[in-house]
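S.K.: Here's my sequence, what's the structure:
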Amino acid sequence: MGMPTYIINHHDPVRNDEGLLANLDLLEEKREQARIKEEAYKRNMVKSYNKRVRYRSLTVGNLVLRKVILATKISQHGKLAAKWEGPYVVTKVSRPGTYYLRTMDGMELMRP
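M.R.: Prediction:
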């Protein structure tokens, strides 16, 4: 098939195997470096997110508005539909961030 190439003429299987083993030894170190970078990236993302979030703790009796989710939204109104519904009264705090609500008419909502 013609002349052999430079790589075929100068291929040394022993040196090739040594190079592959050296790369395998460095693999764990590369993985560790990637894990450290990933953790630093996640820490920075959490830090930047928490800068913009304002936590509010509500107590029983507070009046609140509830965000309208897709399942309860009337599809006829389209993008002009209301984004919030309410007002509702907080009746119970089950854990921080989770509240049981009732309407101003006294009807309890099913889910917190």
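
S.K.: For the helix ranked longest in the chain, buried residues please.
M.R.: The single longest helix within the chain, with elements called by DSSP state H, is helix 13-52. The neighbour-count check on helix 13-52 (16 or more other C-beta atoms under 10 Å) flags nothing as buried. Heads up, the C-betas are built off the backbone N, CA and C, glycines and all.

S.K.: what packs against the following helix or strand past it?
M.R.: Counting by DSSP states H and E, the next helix or strand C-terminal to helix 13-52 is strand 63-67. With contacts defined as 3 or more C-beta pairs under 8 Å, 6 or more residues apart in numbering; DSSP states H and E, the packing partners of strand 63-67 are strand 84-95, strand 98-103.

S.K.: who does the shortest one touch, helix- and strand-wise?
M.R.: Using 3+ C-beta pairs under 8 Å, 6+ apart as the contact criterion, the elements in contact with strand 98-103 are strand 63-67, strand 84-95.

S.K.: So which residues make contact with that strand?
M.R.: Residues from elsewhere that reach strand 98-103 (C-beta atoms under 8 Å, 6 or more residues apart in numbering): 58, 64, 66, 88-94, 108-109, 112.

S.K.: Buried only: go through the residues you listed for me.
M.R.: Here, 16+ other C-beta under 10 Å leaves Y88, V89, V90, V93 buried among the contacts of strand 98-103.

S.K.: Just grab the bridge partners of the residue nearest to the first one when sequence neighbours are not counted for me.
M.R.: Setting aside the residues directly before and after it, Y88 is nearest to L101 in space (C-beta to C-beta, 6 or more residues apart in numbering), at 4.0 Å. Per DSSP bridges, the residues bridged to L101 are V90.

S.K.: mind checking how far the helix-or-strand element of the chain with minimal mean pLDDT is from the chain centre?
M.R.: Least confident helix or strand, the chain: helix 6-9 with a mean of 80, by mean pLDDT, DSSP states H and E. Relative to its parent chain, helix 6-9 has a centroid offset of 50 Å by C-alpha atoms, centre = their mean, to the nearest Å.
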